[in-house]
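In: Following is a predicted model, sequence given first.
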Amino acid sequence: MRYRLLRTLGVALILLIASIPLLAHHGAAQFDVGKKVTVKGTVVEWFWANPHCFLRFDVAGDDGQVVHWNVELQSGPNILPQGFTRQTFKAGDQVTVTLEPVKNGRPLGRLQKVVLADGSTLPLGAGNPQN
Amino acid sequence: MPKHLLVPTLALVGLFVCAPAVHTQGPLPGAVYDKDRKGEKPAPAPRRDLSGIWEPATPGGGIQGKGALAMESCRRDKATGRYVVQQNPPLTDTGYATVDCLKPEIEPPYTALGLERMRAHKPVEGYRMVPDAVNNDPILGCDPGGFPRVVLHNFRTSEILQTPTHMVMLYKFQKRYRTIWTDGRELPKDPQQPAWTTADRLPPEPRWWGYSVGRWVDDYTFVARTNGFQDDRTWLDNAGLPQSDTTEVEETYHRVDANHLELSIRITDPKLYTRPWVALDRLSLRLQSPNFDIQEMECSPSDQKHYYEFFGGQTGLDTDPAR
């Protein structure tokens, strides 16, 4: 029980710190704020830049069609404290991405959480089941 | 509280209470941002000294994404009197009049031309924000943001170098700098026919960042004035407030104590605004360690092109005109 309390407080603190740099070059006009989609796919490109990094990955549908997804993140310097680096992903990596999609229905969104092939989760603290 | 939770809770509380006491003597070594700590008692302000590396005291406090005047932004809730954000406005094809933030009672005092210019801007933030795909914000093509936008939208970690003749402001955002002269020269009276009052052989040319001169009005307050902006391609902020070649900016830096500096910005432009107005009111800045390594936030045209090809350019509607 003590561990659970400490873990909860620790995760809350990490999330508080991690949320501070979540300030984009653009607002939320294009995003369906609050909606969450989770997809599993294979990394095509990890683009590290300012003001936005993005992760392109392919998702195979049940019908065999491949959907080319792209999720954006904040600027490289801003996501370093969240555990991302320029080497976090490489083409061919398997990832499970939870994202907030755009409103126009295209396979785009902003990243909320990603589970890497080794089971680790980014941003730091987002892997806790209570989140 | 259950008894078995008491010990870990008290331990955590103790940790938070005691941690600040370890660092009350000055800036941390520089690996992380040095933030305000409860109970700290900074030394008195040094006399006539702005030098150092500065970061908004409130994390994210220098980002006026909703626009100048909008440090507390958005629609005022009638019941509580507080401003709230409309989280999920619809994406429509009616000019993207999406609203995440209504603040008409604190709009700048536009002239007719100012209002026309503001409405022609399609920003990606603020209460008139549009999707990336249809914006016309010049900095998203990596045009210089200029001054005062670097402060009004994106005051991130910045360094002030102070010499006997001038101050140099080094900004993290877009990795830019500007000079504020303190050698006694006057601001050019006519920015369209500029001349320095010093022995410089060449007149200053119109600039993205303007010409700036400053002076100490008392031992702890430094006031700089800026004019000489080249045209209306720079915006005042991320929400599309207009700027022109007749804009004048007054910056006031007040050194509160050894760790803090307050920055205010006042805008004057008879072409765009009916009266002077305060765009930034005492933004509190916190001194950082002298060995703090400022990160790079450069704007790369090739990176931006790649971003718009694979993301930004796909965020609008099929009916949108090409960006």
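Out: Received the coordinates, thanks.
In: Look at the residue most central in space within chain A and report its pLDDT.
Out: What sits nearest the mean C-alpha location of chain A, by C-alpha atoms, centre = their mean, is residue A:111, with 3.2 Å. Reading off the confidence values, residue A:111 has pLDDT 97.
In: Just read off the phi/psi values of it.
Out: Dihedral pair for residue A:111: phi -70, psi 130, per degrees, to the nearest 10.
In: Would you confirm that it contacts residue A:55?
Out: Yes: the criterion here is C-beta atoms under 8 Å, and residue A:111 meets it with residue A:55 at 6.7 Å. (C-beta placed from N, C-alpha, C; glycine too.)
In: Give the residues shared as contacts by these two.
Out: By C-beta atoms under 8 Å, 6 or more residues apart in numbering or on different chains, residue A:111 and residue A:55 have these common neighbours: A:71, A:73, A:97.
In: Need the buried ones from those residues selected in ChimeraX.
Out: To isolate the buried members of the shared contacts of residue A:111 and residue A:55 in ChimeraX, using 16 or more other C-beta atoms under 10 Å in any protein chain shown:
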select /A:71,73,97
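In: Nearest to residue B:186 among the shared contacts of residue A:111 and residue A:55?
Out: Residue B:186 lies nearest to residue A:73 out of those, by C-beta to C-beta, at 47.2 Å.
In: residue contacts, the closest one?
Out: Residue A:73 makes contact with A:52-55, A:79, A:84, A:110-111, according to C-beta under 8 Å, 6+ apart.
In: Residue B:109 too?
Out: Counting by C-beta under 8 Å, 6+ apart, residue B:109 touches B:273-275, B:277.
In: if I look at the residue nearest to it when sequence neighbours are not counted, how far off is chain A?
Out: Take residue B:109 and drop its neighbours on the chain: the residue closest to it by C-beta to C-beta, 6 or more residues apart in numbering or on different chains is residue B:274, 4.4 Å away. As judged by C-beta to the nearest C-beta, to the nearest Å, residue B:274 and chain A stand 28 Å apart.
In: ditto for residue B:141
Out: Relative to chain A, and taking C-beta to the nearest C-beta, residue B:141 is found at 12 Å.
In: Quick check, that residue in contact with residue B:307.
Out: No: between residue B:141 and residue B:307 there is no contact under C-beta under 8 Å: 11.2 Å.
In: follow-up on the earlier one: near the residue nearest to residue B:109, how many other residues are there?
Out: Residue B:274 has 13 neighbours, counted by other C-beta atoms under 10 Å in any protein chain shown.
In: Contact residues of the stretch 151-300 of chain B facing chain A?
Out: Contact residues (C-beta under 8 Å from any C-beta of the partner chain) of the stretch 151-300 of chain B with chain A: B:238, B:295-300.
In: List only buried entries from the residues you listed.
Out: Buried members of those, counted by 16+ other C-beta under 10 Å: B:238, B:297, B:299.
In: Where does confidence bottom out across those?
Out: Least confident of these in the model: residue B:238, at 88.
In: rewinding a little: show me which pair in the contacts of residue B:109 is furthest apart.
Out: Every pair of the contacts of residue B:109 checked by C-beta to C-beta; the farthest is B:274 and B:277, at 9.1 Å.
In: And the strands in the stretch 201-323 of chain B, which stretches?
Out: Here the stretch 201-323 of chain B has its strands, by DSSP state E, counting those that start in this stretch, at B:211-218, B:221-227, B:248-257, B:260-268, B:277-288.
In: report the angle between the axes of the longest one and strand B:248-257?
Out: When you say that, I think you mean strand B:277-288. In terms of direction (axes from the mean of the first three to the mean of the last three C-alpha atoms, to 10 degrees), strand B:277-288 departs from strand B:248-257 by 40 degrees.
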